[in-house]
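[1] Got a predicted model here, sequence first, then my questions.
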Amino acid sequence: MKFFRHFNIVRAINDLRVYLSQEAPHKLVFLMLSIFAFGAVLVGFTIDSHEEPVYRRNIVYVEQWPANRTDEQIIAQQKIDGPIEAKRAAEQAAREKEVQAGFKRMDDKLKKLGI
């Protein structure tokens, strides 16, 4: 802890000011650019670290049926499950269409920029 007793912030700032005043101007420009680039990367990682993690728990429940079911029972169950499956397929198609539209918008913007 002896080091901190001899440390004076005013002298440190004056030493830094004198050192920087003796350096070539192009070195100071590159110093500022490197500090800015490091800060941009640091801010980018900080912002990205605050994203909520994507976590989905997809559990598939399988119904067990007796092996001796009649055809009428199978057809009756298919009539019940048919609209539910159709609704699920329509929702999936709508989600896929929405994602596709987002990619189309991004592609149009990139084409507009010439990329």
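    The structure has been received and is ready for your questions.
[2] what ranges do the helices span in the protein?
    Per DSSP state H, the chain carries helices over the ranges 2-5, 9-22, 25-49, 71-113.
[3] so what are the domain limits for this structure?
    1-51, 69-115 (automatic domain parsing).
[4] Select, out of the ones you listed, the one closest to Val60.
    Set against Val60 and scored by C-beta to C-beta, these come closest in domain 69-115, at 12.4 Å. C-beta coordinates here come from the backbone N, C-alpha and C atoms, glycine included.
[5] which stretch among the helices of the chain comes nearest Gln64?
    For the helices of the chain, the distance to Gln64 is smallest for helix 71-113, at 12.7 Å, taking C-beta to C-beta.
[6] what's the spacing between that closest one and its chain's center?
    24 Å (C-alpha atoms, centre = their mean, to the nearest Å).
[7] go on, stretch 8-21?
    Distance of stretch 8-21 from the chain centroid (C-alpha atoms, centre = their mean) equals 42 Å.
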